[in-house]
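J.: Sequence below, structure please.
(2 chains, ligands or ions: 3)
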Amino acid sequence: MAMPKLAHTPAAQDKLRSLGILALNGMFDEMDAVGVLRYAVSDVLPGDLAIVSSFGADSAVLLHLVAQVDPSMPVYFLQTGKHFTETLDYVETLKKHLGLINVHAIHPSPDDVKRFDPTGNLWETDPDSCCHIRKTEPLEPITEQYGGWVTGRKRFQTRERGVLPHFELTSDDRIKVNPLAYFTDADVNQYKIDHGLPEHPLFGKGYKSIGCAPCTSVVAEGEDPRAGRWRGLNKKECGIHFDFNGAIASPMTAATKPTLWKDGGFIADPFHEWTEADEPATASYKHVPLPVFLANRDAFLVTQHPLGLLVVPGDNIEQVEADLGRFVSVAIKFPAFSDGRGYSTARLLSERYHYANEIRAIGDILQDQIPLMRRCGFNAFVVTHEPTREALIENRLPEVALFYQPVGTTEIPVGTRPFLRRVL
Amino acid sequence: MYRYDEFDAAFVMGRTAQFADQVKRRLSGEMTEEQFRPLRLMNGLYLQLHAYMLRIAVPYGTLSGKQMRMFAHIARTYDRGYGHFTTRQNIQFNWPRLKDIPAILEELASVEMHAIQTSGNCIRNVTADHFAGAAADEIIDPRPIAEILRQWSSLHPEFSYLPRKFKIAVTGAPNDRAAIRFHDIGLQAATNAAGDIGWEVWVGGGLGRTPMIGKLINSYVPNEHLLAYLESIMRVYNRYGRRDNKYKARIKILVHEEGLETIKGQVEAEFAEVRGGVLTLPAEEVDRITAYFAPPAFKTQPATKIDVAYQSIIDPAYGRWLDHNINSHREPGYVSVTISLKPVGGAPGDATDKQMDDIADIAERYGFDELRVTHEQNLVLPHVAISDLRAVYEALVATGFADGNTGLITDMICCPGLDFCALANARSIPLAQEISRKFAEPKRQAEIGELKIKISGCINACGHHHVGHIGILGVEKKGGELYQITLGGDATEQAAVGKIIGPGFEAEHVPGAIETLVDTYIARRESADETFIQAYRRLGEAPFKEALYGNA
Ligand code: HEM
Ligand code: SF4
Ligand code: SF4
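T.: Ligands and ions are numbered 1, 2, ... in the order given. Take a look at the predicted model:
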């Protein structure tokens, strides 16, 4: 994803050079969000500061601060064209309630949409590109105009944000102001109550982190609020995450420890286990047990919700060969590490049926098995065992990097000699 | 002999480092014994009755003098001065310390050896005819294919967690000396109508608590498709083999329960998918590997005949040795020599560090630096010039391994039993020693002729008792050790599983019972040329049963 090209901003640089970012960060009490924002507006970057808001479930707090400090600060809203109507209503509600007088909707380029997303389904097949044309590209010319941005990011949200300060200098010499850096989830809720802020209409319905409609789903009780975003797509973050309002474009990492290892990192798992109460018509982001799928095949095939498949030892993957396109994820269960049937299942999926989406291993997995699993086509692992987690994070899985037998779709021998040898 | 190239060396080093790390994690307590178990098993490390046991692979039973010397060194440095050669052509050390294992493996790697896949539910070390590349009756040397199978099966990502262990044996000769019909997969060289050499594939043989003779699943698979065909069998087994009961988890049970035709159908369907794919074995690769097994530089020898009768008069012990321990060679002027690890009263298959060093010397001096381990727990010098036989014999006398008893009653296969093994019901080594003392007299042995006694301390049948002409099995019995006797087993191409003859015997009565069986045979045989097993086949069990139990 292309980074927005930002202009050189001598103003911000000079300011920081004279103040020193450390000094700035030492000036305010941790919870003094208003103080931080007021100082940013009046002293650090007067007239050169803006905010991008998603008008999501938590956006009201930051916008309320803005309204107190400077109701004429430019507020940008990414009108991706994919929002819930409730969100659009909420924009109007907040504008009126808070008295914000400088709110702008940013639209994607109609040409881009026509060219890259003519059917409107790009989010499904390639969410990164969808975000790119609907968020990153439209925002780029706007960001160039300002020396700094106000964000709603909070320390508790993610591991990486554990050290988030009030003021940050970005790599392109802009200033990010994070008034809510030290706020916890409870602080946010308390603030909303204390100030009688209107809730997003979907909040009460179980949506805790609200982005575009197709990419947002309900979050279960106790689950990470962001787990509802980009569910099932294992999309980690939007192209613009690095700079702006965290609520718009946050990495899908959870405050609680995520257990799904994929693409080199632990990420929040959008999937849930299938339960007795689930219905084929409404199931979404569930790993449907293979026999359940077969028994309700027609019902599952007519729905559009992202679905996964659960395969346990003894299931015959052949039976769903024709339906594999329906699944964004296949979970292969290892009830015991010694039960190796799943290795064959994975090879059949990836090599014989050319299934290219997620194949995840779940259950009893030893770290020493992961390298073998990868070779058989697994590309995701649900891991809870702590030493295994550490080994994954530190990239020190015990593995032998050389192997003799061609396996998988990427290990096709080149030429004939030496026939059986491969090096990872 | 196969020589590692850089890749093989790096592979073994990588695996050794990996295992060293696992041992470290175990020693530091980061891993529990429970978690360590499957990992150590993949590296041939067992927990026995008294200590860890390390099993080292001798691929298809072939090794060099240098490798034998390494075994001697390990026995001396890390163990109690001896090693035990097994029925799977491997060697085991019974007393290594866990902390020494990484060092041992590193030393092994320096001579191109390892313990990979000598245990665990994976494809085990591939075994082969111990006279491979030498025997006069051979159609083709099975070792190149065995080596290719070794490579293909090493750390196979799909087949490292099979329902149960998986053993493959290969023979290139019609006289089966590798017991291929008692392996999960047995391969026997076969010639098709066009005269090309390929492989008969036998599947579902095995011993253990449910002995089964393998069934012919394909009468001709060419080299080209062999890996694809075997991968098909492995996949069917991995997916459908029973995992609910470890005693029913071997492929023999799957084949038995589903029927050969069903399994064959599944294998063929799988083969139809993978045939011609990435596992297609190029002829150049077979040639490349075969080149490693090129025959040594034989010299034209004067046409010497071995005059056993003459030598027997001059030196009876040497005569016996020539009579029994020599196998005919395809190269004129040469023979293969069996080094019997069954001295009277010894523990079958055991050798001390000194003995191993001496044997390495002999191999280097007289045997083109080649040695074999046999599944009957002996060693073989595959290529010895007839003119050197006397010298070899004398050198062997000095080692204490010059008994001319190969194939005779004292050449027993015997598992470790209760002296070492945690699963044993009864001792087996002391029993073998008893029997060998009882029949120590060479004349008596010669009179009895070929007779294979095989002893297991429990139903797992590590000692192959099912295929002994006389099999002895330690069974459970309150308060004592009890042995069951089976008759009529045969591990060769005339495969047969022995039948239990009657109630078991207390340990002290077993040698006597064997004597009764032997006497019955001698009394009833048609001539001295009719062997025990032939007589048994002709007579059936009745006379033997009667002799043992009376005709009550
Ligand atoms: C001392 C520790 C040992 C243990 C705990 C042990 C354990 C076992 C077990 C559990 C089986 C039965 C497997 C099955 O049929 O599913 C078995 C079979 C076998 N073992 Fe061992 N064993 C030991 C030593 C040996 C030794 C020393 C040898 C070679 C002399 C050996 C060679 C074999 C062979 C050839 C079988 C034949 C059964 C077959 O392949 O069907 N084992 N062992
Ligand atoms: S949030 Fe969804 S619809 Fe909106 S831009 Fe991103 S992927 Fe596309
Ligand atoms: S046959 Fe039984 S007693 Fe003998 S080694 Fe095998 S498991 Fe142990």
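J.: any idea of the pLDDT on A:Gly162?
T.: What the model reports as pLDDT for A:Gly162 is 55.
J.: Just checking stretch A:117-130 against ligand 2, any contact.
T.: Yes: Stretch A:117-130 is in contact with ligand 2 by C-beta under 6 Å from any ligand atom, via A:Trp123, A:Pro127, A:Cys130. (Each C-beta comes from the backbone N, C-alpha and C, glycine too.)
J.: in the stretch 301-424 of chain A, which ranges drop under the pLDDT threshold?
T.: Filtered on pLDDT under 70, the stretch 301-424 of chain A yields the residue ranges A:398-400, A:408-424.
J.: Neighbours of the closest residue to ligand 2 within it, how many?
T.: Proximity of the stretch 301-424 of chain A to ligand 2 (C-beta to the nearest ligand atom) peaks at A:Pro306, 12.6 Å away. Neighbours of A:Pro306 under the rule other C-beta atoms under 10 Å in any protein chain shown: 22.
J.: right, is the lengthiest strand in chain A up against chain B?
T.: Secondary structure assigned by DSSP state E gives strand A:327-334 as the longest strand of chain A. No: figure legend: strand A:327-334 not in contact with chain B (C-beta under 8 Å from any C-beta of the partner chain); closest approach 8.9 Å.
J.: Would you mark the buried spots in that strand?
T.: Buried residues in strand A:327-334, defined by neighbour count with 16 or more other C-beta atoms under 10 Å in any protein chain shown: A:Phe327, A:Val328, A:Ser329, A:Val330, A:Ala331, A:Ile332, A:Lys333, A:Phe334.
J.: Count the residues that sit near the residue in the stretch 1-150 of chain B that chain A sits nearest to.
T.: Nearest to chain A in the stretch 1-150 of chain B, going by C-beta to the nearest C-beta, is B:Gly14, at a distance of 4.0 Å. The tally of other residues near B:Gly14 (other C-beta under 10 Å) stands at 19.
J.: interface residues of chain B facing chain A?
T.: B:5, B:7, B:10-11, B:14-15, B:18, B:21-22, B:30, B:35, B:38-39, B:121, B:148, B:151-163, B:235, B:238-239, B:243, B:273, B:278-279, B:281-282, B:284-285, B:288.
J.: Give me the helices and strands touching whatever helix or strand comes next after the longest strand of chain A, please.
T.: On the C-terminal side of strand A:327-334, the closest following helix or strand by DSSP states H and E is helix A:341-347. For helix A:341-347, the packing partners by 3 or more C-beta pairs under 8 Å, 6 or more residues apart in numbering or on different chains; DSSP states H and E come out as strand A:327-334, strand A:358-363, helix A:370-375, helix B:223-240.
J.: okay if I get these as a markdown table plus distance to ligand 2?
T.: Output for these, formatted as a markdown table (distance: least, C-beta to the nearest ligand atom, whole Å):
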| stretch | distance to ligand 2 |
| --- | --- |
| strand A:327-334 | 14 |
| strand A:358-363 | 17 |
| helix A:370-375 | 28 |
| helix B:223-240 | 39 |
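J.: Which single residue of chain A ends up nearest ligand 1?
T.: A:Ser338 (14.0 Å).
J.: And the stretch 101-250 of chain B, by the same measure?
T.: Nearest to ligand 1 in the stretch 101-250 of chain B, going by C-beta to the nearest ligand atom, is B:Gly208, at a distance of 2.5 Å.
J.: what's the burial count for A:Asp89?
T.: With other C-beta under 10 Å as criterion, A:Asp89 counts 14.
J.: err, A:Asp48, not the other one
T.: 18.
J.: so what are the domain limits for the chain?
T.: All of this is about chain A. What automatic domain parsing lists as the domains of chain A is A:10-251, A:258-422.
J.: wait, I meant chain B there
T.: Taken from automatic domain parsing, chain B resolves into B:6-109, B:135-291, B:416-549.
J.: Please name every helix or strand in contact with the helix or strand where A:Leu63 lies.
T.: When elements are assigned from DSSP H and E, A:Leu63 belongs to helix A:59-69. Packing partners of helix A:59-69 (3+ C-beta pairs under 8 Å, 6+ apart): helix A:33-39, strand A:49-53, helix A:85-98, helix A:185-194.
J.: Wait, a strand at B:Tyr46?
T.: Yes: the assignment for B:Tyr46 (DSSP: H, G, I helix; E, B strand; the rest coil) places it in a strand.
J.: Test my guess that it contacts B:Thr86.
T.: No: using C-beta atoms under 8 Å as the test, B:Tyr46 is too far from B:Thr86 to be in contact (11.7 Å).
J.: what touches both of those two?
T.: B:Arg55 (C-beta atoms under 8 Å, 6 or more residues apart in numbering or on different chains).
J.: how many other residues sit next to the closest residue in space to A:Arg38 that isn't next to it in sequence?
T.: Once flanking residues are discounted, A:Arg38 sits nearest to A:Val69: 5.0 Å by C-beta to C-beta, 6 or more residues apart in numbering or on different chains. Residues lying near A:Val69 (other C-beta under 10 Å) number 21.
J.: which non-adjacent residue is nearest residue 75?
T.: All of this refers to chain A. Nearest residue to A:Val75 in three dimensions, chain neighbours excluded: A:Val103, at 4.6 Å (C-beta to C-beta, 6+ apart).
J.: Hmm, no, I was thinking of chain B.
T.: Using C-beta to C-beta, 6+ apart, the closest residue to B:Ala75 is B:Asp353 (4.2 Å).
J.: so who does the residue in the stretch 51-200 of chain A positioned nearest to ligand 2 touch?
T.: Using C-beta to the nearest ligand atom, the closest approach of the stretch 51-200 of chain A to ligand 2 is made by A:Cys130 at 3.2 Å. Counting by C-beta under 8 Å, 6+ apart, A:Cys130 touches A:Lys82, A:Asp117, A:Leu122, A:Trp123.
J.: gap between the second one and A:Phe84?
T.: By that I understand A:Asp117. 18 Å (C-beta to C-beta, to the nearest Å).
J.: what does B:Ile359 give?
T.: Taking C-beta to C-beta, one finds B:Ile359 at 82 Å from A:Phe84.
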